[in-house]
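Sharing a model that was predicted from the sequence below.
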Amino acid sequence: MSKNLVIVESPAKAKTIEGFLGKDFVVKSSYGHVRDLKKKGLSVDVENSFEPEYEISPDKKKVIDELKKLVAKSDKVWLATDEDREGEAISWHLEQVLDLSKKDVSRIVFHEITKGAISKAIENPRKLDYRLVDAQQARRVLDRLVGFELSPVLWRKVKPSLSAGRVQSVTVRLIVEREREINNFEEKFAYRVTAVFSTNGKSFKAELNKRFETVEEAREFVNACNGSSYRVDDLQVKPAKKSPAAPFTTSTLQQEASRKLSFSVARTMSVAQKLYEEGKITYMRTDSLNLSDTARDGAKKQITSSYGEEFSKPRTFTSKSKGAQEAHEAIRPADMSVTSVGGDPAGQRLYDLIYKRTLASQMADAKLEKTTVRIKVEGSDAPSDNLHFVARGEVIKFEGFLKVYLEGTDDEDNEKEEEGLLPSMNVGDSLDRKMITATQRFSNHPPRYTEASLVKKLEELGIGRPSTYAPTISTVQKRGYVVKEDREGHPREYTVIELEQNKVEEKTKTENTGAEKQKLFPTDIGIVVNDFLVEHFEKILSYDFTANVEKQFDDIADGMLKWTDMIRTFYKPFHENVEETLEHGDRPTGRELGKDPKSGKPVYAKIGRYGPMVQIGDAEDEEKPRFASLRHEQSMTTINLEDALELFKLPREVGEFEGEKVTAAIGRFGPYLRHKGSFVSIKEADGDDPLSIKIDRAIELIEAKRKADLERIIKTFDEDETVQVLKGRWGPYLKAGKKNIKIPKDVEPESLTFADCQKLIEEAPEKKGRGGATRAKKAAPKKKAAPKAKKGAPKSKKKSK
DNA sequence: CAGTGAGCGAGCTTCCGCTTGACTT
């Protein structure tokens, strides 16, 4: 019945817009891209103008079917996807797939979801921009070519199933290089001198304008201070101001939620998604700093009524970030008069952050008064003239936006003095010295990345998009290139020289250093893969590769460059490079740790089929090399010969229990004990070690495991012992042989009968996912053709290197 | 899922960017 069909990208948006448009319009969503390069193979005809082979994405078939039906019933179709490269391409794919060429079609765009903006869009339709579509095709094809040609090089030269790509490989590079900087960092120290003075009964802190490099100098200075007097030498008062940060984009929201709420970037996005779907906030994947007029008016109203007129200052912000496409608004509350959203606490906390940030962005500057006091050291033993103490004070004269919100910092430097109020003083005043302290301070290595600080860096480099920051970070972790971990620190001694009253005291104190929380570390595989890629594919691994190709995408969008020409220029040398590397690129050999004292053969640490390992002997040797996996906490880059040789002592027989052998070894999931065909993990955190564990302790662990297994059982059945109801990590589940089946939420697990279970088993969907195809090899050990009966000539293909 | 690691073999893995659910042991 409806005459108009509007297609947008997001279903939540569709719902809102339908409300604005009235009954003549049906608004539906495409759920993002509907068509993509075929999943399998290159699907780009590199011989033939790089013709892409598209297919409807399997999970979009239903969406397309529904849209087709609606198109048939409509007089006019409005393609209202986002106004950016990807959005334009989605519209084009829709046009193709829905066969809209004979239909009355208009392309419309809007950057904010307000009634006014939508009406205006409808009044200003345009045609599809095929140049922009081509820019997207170039982007898509480039990414496919890079990803699907580089990854196989890694499979051949490093390890199967690895991956490489324009975005992920550079992401890993950032982390690897940061780790190297940290390893090469030379810790320096200096003595920082602080003082506590007082005047008119009020005390304050000051710092010396010089740090001493040796303890002797520091000692000499502090000693000299005993008996000196102190006078205000200079005093300056200057006005200053602070301005609020711009409203949130995806990247800044992720950073701030990490700093203030300790959310991972994935958590932030999923909480934000929920708020968005509930209509509480605007779209959360955006690089725009813009606020709609409605939002700014709303903020103004709120600020004026809560804090007064003088706190309001409408502002607009312009994006400085590379490659911003600004198809949406900044992330803001949908309605500025809503201060609380209820629901779960995480949602409320994130909303609160968004609310305050948005409000603050429309508020007046804070006005400050900064005071700097120079304090001269005088007296018989007074140190040389250019040494003086400096005290800094800061007073807020007008709070402005600080009343609501202040952006957090990533600064790990904890030496910053809190700059508070200083007592009133005048030049020439003499001060009482309470205390002088010289503290040995060590320089900090560059900080390791957190997920959020990595996103910040990626955004600065123009790598990745708001919709991909979180997935990229999870990809590099999933591939095993990077791990997010805590590290315990270690104690470090430092010296403090203190002058109090008239006594100088020297103490040694201990601080904890090197502790890390939820930081990103490269793994051995990450390091090896990165070094390999940087060596052979420097151009693609360079930090400005994306920025360079973005320029060319822009040229395509401007009609200055044909997309196929761009790809051709890129592909030829790239592909040759790939071929060359496949042919001649050496497998990364790892490190040689030394010689095995028993055999005299070399011992290597390298990446093997299953990850980092150590190897005795070479593959070419007559006797085949021996292998052993590294333990989880060991690293290829640091392991020494002694530890490597230890690894070859496993598996090891621990003793006997119940008439059968107990062995200890290290497997895919760490150290374990094996007994009667079942496995028990050994936790090194409990002080156990597969190399040294004794039989008594092993038995203890085996029995504990048996007990724990019993406790997991909720119910068993006499009819079939392989069917059990168990307690699992995600609640109760049903185990039938090797299959795990979820128990519906409304079913009480204790009440399940055997018949119920059988029904559930039958209804359970076949589990999909990888590893389905069994590796049923092993049978038929082949007739071992007559030894060395080589056929000589027809040595099949090439590639014998 | 658990002591693997080359060797002929069968066939698989992989990219980035748009969007939400379905689903996990």
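Looks like it arrived, so ask away.

Residue A:655 bridge partners, please.
The residues listed as beta-bridge partners of residue A:655 by DSSP bridges are residue A:662.

Kindly provide the distance from it to residue A:661.
If you measure residue A:655 against residue A:661 using C-beta to C-beta, to the nearest Å, the figure is 8 Å. In this view, the C-beta of every residue, glycine as well, is placed from N, C-alpha and C.

for chain A, what helix or strand is lowest in average pLDDT?
Within chain A, no helix or strand scores below strand A:739-742, which has a mean of 67 by mean pLDDT, DSSP states H and E.

any idea which helix or strand comes after that strand?
helix A:754-763 (DSSP states H and E).

Show me what that following helix is packed against.
Based on contacts counted as 3 or more C-beta pairs under 8 Å, 6 or more residues apart in numbering; DSSP states H and E, the elements that helix A:754-763 packs against are strand A:723-728, strand A:731-736, strand A:739-742.

Please repeat the previous calculation with a cut-off of 7 Å.
strand A:731-736 (3 or more C-beta pairs under 7 Å, 6 or more residues apart in numbering; DSSP states H and E).

For DNA strand B, what is the nearest residue in the stretch 301-450 of chain A?
Closest contact between the stretch 301-450 of chain A and DNA strand B, by C-beta to the nearest atom of the strand, is at residue A:325 (6.6 Å).

Near the closest residue to that residue other than its chain neighbours, how many other residues are there?
If you skip the residues right next to it in sequence, residue A:325 has residue A:84 as its closest partner in space, 3.9 Å away by C-beta to C-beta, 6 or more residues apart in numbering. Counted with other C-beta atoms under 10 Å, residues neighbouring residue A:84 total 19.

For the stretch 201-350 of chain A, just list every one of the strands.
A:202-208, A:229-242 (DSSP state E, counting those that start in this stretch).

returning to that earlier point: contacting residues for the residue of the stretch 301-450 of chain A closest to DNA strand B?
Contacts for residue A:325 were tallied using C-beta atoms under 7 Å, 6 or more residues apart in numbering; they are A:84, A:85, A:287.

Residue A:106: which of these is nearest?
residue A:84 (18.2 Å; C-beta to C-beta).

my guess is that closest one contacts residue A:324, does it?
No - under the criterion of C-beta atoms under 7 Å, residue A:84 makes no contact with residue A:324, lying 9.6 Å away.

before we move on, back to that, deepest-packed of the strands of the stretch 201-350 of chain A, please.
Per-residue neighbour counts averaged over each of the strands of the stretch 201-350 of chain A give the maximum for strand A:202-208, namely a mean of 18 (mean count of other C-beta atoms under 10 Å).

burial count for the residue lying closest to residue A:289 once chain neighbours are set aside?
For residue A:289, ignoring the flanking residues on the chain, the nearest one in space by C-beta to C-beta, 6+ apart is residue A:317 at 3.9 Å. Close neighbours of residue A:317, defined as other C-beta under 10 Å, add up to 16.

Include pLDDT and distance to DNA strand B when you put the contacts of residue A:325 into TSV, please.
Output for the contacts of residue A:325, formatted as TSV (pLDDT from 0 to 100; distance: C-beta to the nearest atom of the strand, whole Å):
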residue	pLDDT	distance to DNA strand B
A:84	95	6
A:85	97	6
A:287	96	9
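
Of those, just say which sits nearest to residue A:300.
Ranked by distance to residue A:300 (C-beta to C-beta), these are led by residue A:287 at 24.7 Å.

Name the nearest residue to the closest one, ignoring sequence neighbours.
residue A:324 (4.3 Å).

Quick one: mean pLDDT for stretch A:28-45?
Per-residue pLDDT values over stretch A:28-45 give a mean of 96.

how about the lengthiest helix in chain A against DNA strand B, any contact?
Longest helix of chain A, by residue count under DSSP state H: helix A:130-157. Yes - shown here: helix A:130-157 in contact with DNA strand B (C-beta under 7 Å from any atom of the strand) through A:140, A:143, A:144, A:146, A:147, A:148, A:151, A:152, A:155.

do you know which of the strands of the stretch 201-350 of chain A lies nearest DNA strand B?
By C-beta to the nearest atom of the strand (comparing all of these), the closest turns out to be strand A:229-242, at 32.8 Å.

That closest one to strand A:202-208, inter-axis angle?
The directions of strand A:229-242 and strand A:202-208 differ by 90 degrees, with axes from the mean of the first three to the mean of the last three C-alpha atoms, to 10 degrees as the criterion.

Strand A:229-242: how far from the chain's middle?
Offset of strand A:229-242 from its chain centre (C-alpha atoms, centre = their mean, to the nearest Å): 43 Å.

now do stretch A:583-600
Going by C-alpha atoms, centre = their mean, where stretch A:583-600 is centred and where its chain is centred differ by 34 Å.

Tabulate the strands of the stretch 201-350 of chain A in CSV, adding columns for mean pLDDT and distance to residue A:632.
Formatted as CSV, the strands of the stretch 201-350 of chain A follow (pLDDT from 0 to 100; distance: least, C-beta to C-beta, whole Å):
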stretch, mean pLDDT, distance to residue A:632
strand A:202-208, 96, 44
strand A:229-242, 96, 46
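
Extract the residue ranges of the stretch 251-400 of chain A that are flagged as low pLDDT.
In the predicted model, the stretch 251-400 of chain A carries pLDDT under 70 at residues A:380-382, A:385.

Please repeat the previous calculation with a cut-off of 90.
Within the stretch 251-400 of chain A, the stretches falling below the threshold (pLDDT under 90) are A:319-327, A:342-343, A:379-386.

Show me the helices in it, by range?
Secondary structure of the stretch 251-400 of chain A, counting by DSSP state H, counting those that start in this stretch: helices at A:265-277, A:293-307, A:345-361.

contacting residues around the longest one?
Meaning helix A:345-361. Counting by C-beta under 7 Å, 6+ apart, residues outside helix A:345-361 touching it are A:244-248, A:256-257, A:260-261, A:268, A:271-272, A:274-275, A:280-281, A:299, A:302-303, A:315, A:331-333, A:339-342, A:401, A:404-405.

tell me the angle of it relative to helix A:293-307?
Computed by the same axes, to 10 degrees, the angle separating helix A:345-361 from helix A:293-307 equals 90 degrees.

And helix A:345-361, what's buried?
A:346-348, A:350-361 (16 or more other C-beta atoms under 10 Å).

cool, the shortest one as well?
For helix A:265-277, burial by neighbour count (16+ other C-beta under 10 Å) applies to A:265, A:267, A:268, A:269, A:271, A:272, A:274, A:275, A:276.

burial measure for the one residue in the stretch 251-400 of chain A that gets nearest to DNA strand B, as a count.
DNA strand B sits closest to residue A:285 of the stretch 251-400 of chain A, with a gap of 4.4 Å, by C-beta to the nearest atom of the strand. By other C-beta under 10 Å, 21 other residues sit near residue A:285.

Can you report how many residues neighbour the residue nearest to it when sequence neighbours are not counted?
When the adjacent residues along the chain are set aside, residue A:285 lies closest to residue A:466, with 4.2 Å between them (C-beta to C-beta, 6+ apart). By other C-beta under 10 Å, the residues close to residue A:466 number 25.

Do you know the pLDDT at residue A:466?
For residue A:466, the model assigns a pLDDT of 97.

just residue A:800 next, same as before
Reading off the per-residue confidence, residue A:800 sits at a pLDDT of 32.
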